[in-house]
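Engineer: Sequence isn't available, so here's the structure alone:
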C-alpha cells in the first residue's frame, strides 16, 4: 500500500511519487532507471544529482535531502516518525525528497533544499509544489527542553507550534514547523499538500520508533520525473510518378 496525493503531482505532470507504509508495494520503483537511497544523519546536506546515471550508484557522505533534474531517477528517503517531504518544480522539471527529523527541521533542511533548487536550477518558491507526508503528529510528539531551546533559538513563531505538557516538556507540531518554513521561504499556501496521518496513531499502517521503542522497520517515500517517451515518427512514402 502506497499513499499518493493527486493534488500535488501525478503522471499527467510527468511525475511519479509515493509515501510508503509498512505494506509497501514496488510501485514506481519498477519503472525507475536508477533508485537513489543514501545514508541519513538528521543533518542539512543536500545531494544534487544532475547527470545521467544507470545501474547501481553510490554516493559518499551523509545526506538528508536529494534533488534531481534527471528523468527516471527515483529519489527516496526513509522515515519512522520523521517527516518525509516531496517537492516538485513543474516549470523547470525538478524534484526533491527530504528527510526532516526535529534536528534537521530546526536546522532548516527544507528551506535549504529550496535554496539549492533555486541556485542550481532557477526554481522559484512561489511556483513549487510541496507535499508533507505521514509522520509523528502533534497529538503524540512530546519533546523536552533541549529540543524546545533549539526551536526557540531558530524559529520566531515557535510558540504556535507547541503545547505545554509539564515543566520543560511540550507537544511539538513537527509537520507544522516544516509547513511554516516552506511558507516563509516563499511557497504558496495552495502549493502545500499535507498528509495528516500520525505514524504513532496508526500501527496498522506505519512503523514508529517512538511507539515501539526500537527500529522494526522504516517507510520508504520517493519521487521521480517520468521517463520521456519518444513519439514515433511517421515514415512518409514518396509517390511514384505514373
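Structural biologist: It's in. For clarity, every value in this text was computed on a predicted model and none was experimentally measured.
Engineer: can we go C-alpha only for contacts and neighbour counts from here?
Structural biologist: Fine.
Engineer: OK, contacts around residue 124?
Structural biologist: residue 118 (C-alpha atoms under 8 Å, 6 or more residues apart in numbering).
Engineer: Distance of residue 82 relative to residue 205?
Structural biologist: Separation of residue 82 from residue 205 (C-alpha to C-alpha, to the nearest Å): 15 Å.
Engineer: what about those two, which has more around it?
Structural biologist: Between residue 82 and residue 205, residue 82 has the larger neighbour count (other C-alpha atoms under 10 Å), namely 25 against 19.
Engineer: Make sure I have this right: residue 190 is in a helix.
Structural biologist: Yes. Residue 190 forms part of a helix when assessed by DSSP: H, G, I helix; E, B strand; the rest coil.
Engineer: and it, how many neighbours?
Structural biologist: Residues contacting residue 190 under the criterion other C-alpha under 10 Å number 11.
Engineer: which element is residue 53 on?
Structural biologist: Here residue 53 is covered by no helix or strand, with elements defined by DSSP states H and E.
Engineer: For the residue lying closest to it once chain neighbours are set aside, which residues count as its bridge partners?
Structural biologist: In space, and not counting its chain neighbours, residue 53 is closest to residue 34: 6.8 Å by C-alpha to C-alpha, 6 or more residues apart in numbering. On the basis of DSSP bridges, residue 34 is bridged to residue 73.
Engineer: and residue 103, how far is that from residue 153?
Structural biologist: 13 Å.
Engineer: more neighbours, those two?
Structural biologist: residue 103 (17 against 10).
Engineer: still on that earlier bit, run a quick check on the residue nearest to residue 53 versus residue 71, I expect a contact.
Structural biologist: No. Counting by C-alpha atoms under 8 Å, residue 34 stays clear of residue 71, with 9.5 Å between them.
Engineer: Count the neighbours of the residue nearest to residue 53 for me.
Structural biologist: 21.
Engineer: Also residue 75?
Structural biologist: 28.
Engineer: residue ranges of the helices in this protein, please?
Structural biologist: 102-107, 109-121, 145-154, 174-184, 209-212 (DSSP state H).
Engineer: Name the residues of the second one that are buried.
Structural biologist: Residues of helix 109-121 classed as buried by neighbour count (16 or more other C-alpha atoms under 10 Å): 109, 110, 111, 112, 113, 114, 115, 116, 117, 121.
Engineer: by contact count, what packs against the helix-or-strand element of the chain with minimal mean pLDDT?
Structural biologist: Every helix and strand of the chain was ranked by mean pLDDT, DSSP states H and E. The lowest is helix 209-212, at a mean of 84. For helix 209-212, there is no helix or strand it packs on, judged by 3 or more C-alpha pairs under 8 Å, 6 or more residues apart in numbering; DSSP states H and E.
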